[in-house]
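Participant: What follows is a protein structure lacking sequence information:
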């Protein structure tokens, strides 16, 4: 990432995913399915050139924060999101019961 980043989280409802952009550069996504008001988080994908830079952690934290602010729940299927929830238990309240 450049020093003058302009990171933006985009909720692309047409493609059922949250996208992270740096200006015009696509960095990664969290794909989901919806079950009522529950977001089933399926996978986290980061562009290879942005790997090992903490982008996945940033993206997942942005997505979970947005869902928390919107009062929504998640069902974590994605292995990365599941590991994230273990490392950052403050997001466990987002996990839907059952």
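Facilitator: In hand now; what should we look at? Here the structure is a predicted model, which is why all the values come from computation and not from measurement.
Participant: Mind listing what's buried along the longest helix along the chain?
Facilitator: In the chain, ranked by residue count with DSSP state H as the criterion, the top helix is helix 55-69. By neighbour count on 16 or more other CB atoms under 10 Å, the buried set for helix 55-69 is 55, 56, 57, 58, 59, 60, 62, 63, 64, 67. (Each C-beta comes from the backbone N, C-alpha and C, glycine too.)
Participant: so what's residue 18 up against?
Facilitator: 9, 10, 11, 12, 29, 30, 32, 59, 62, 63, 66 (CB atoms under 8 Å, 6 or more residues apart in numbering).
Participant: wait, the last one sits on residue 8?
Facilitator: No: taking contacts as CB atoms under 8 Å, residue 66 lies outside contact range of residue 8: 11.9 Å.
Participant: for this protein, which spans come out with low pLDDT?
Facilitator: Low-confidence segments of the chain, defined by pLDDT under 70: 1-5.
Participant: Find the nearest non-adjacent residue to the spatially most central residue of it, please.
Facilitator: By CA atoms, centre = their mean, the mean C-alpha position of the chain lies nearest to residue 60, the distance being 3.3 Å. Among residues not flanking residue 60 along the chain, residue 84 sits closest, at 5.0 Å (CB to CB, 6 or more residues apart in numbering).
Participant: Kindly report the same for residue 93.
Facilitator: Here the residue nearest residue 93, using CB to CB, 6+ apart, is residue 68, at 7.6 Å.
Participant: contacting residues around that neighbour?
Facilitator: So residue 68 contacts 91, 93, 94 (CB under 8 Å, 6+ apart).
Participant: what's the next secondary structure element after the longest strand along the chain?
Facilitator: Counting residues, the longest strand in the chain under DSSP state E turns out to be strand 25-35. Following strand 25-35 in sequence order, the next helix or strand is strand 38-46 (DSSP states H and E).
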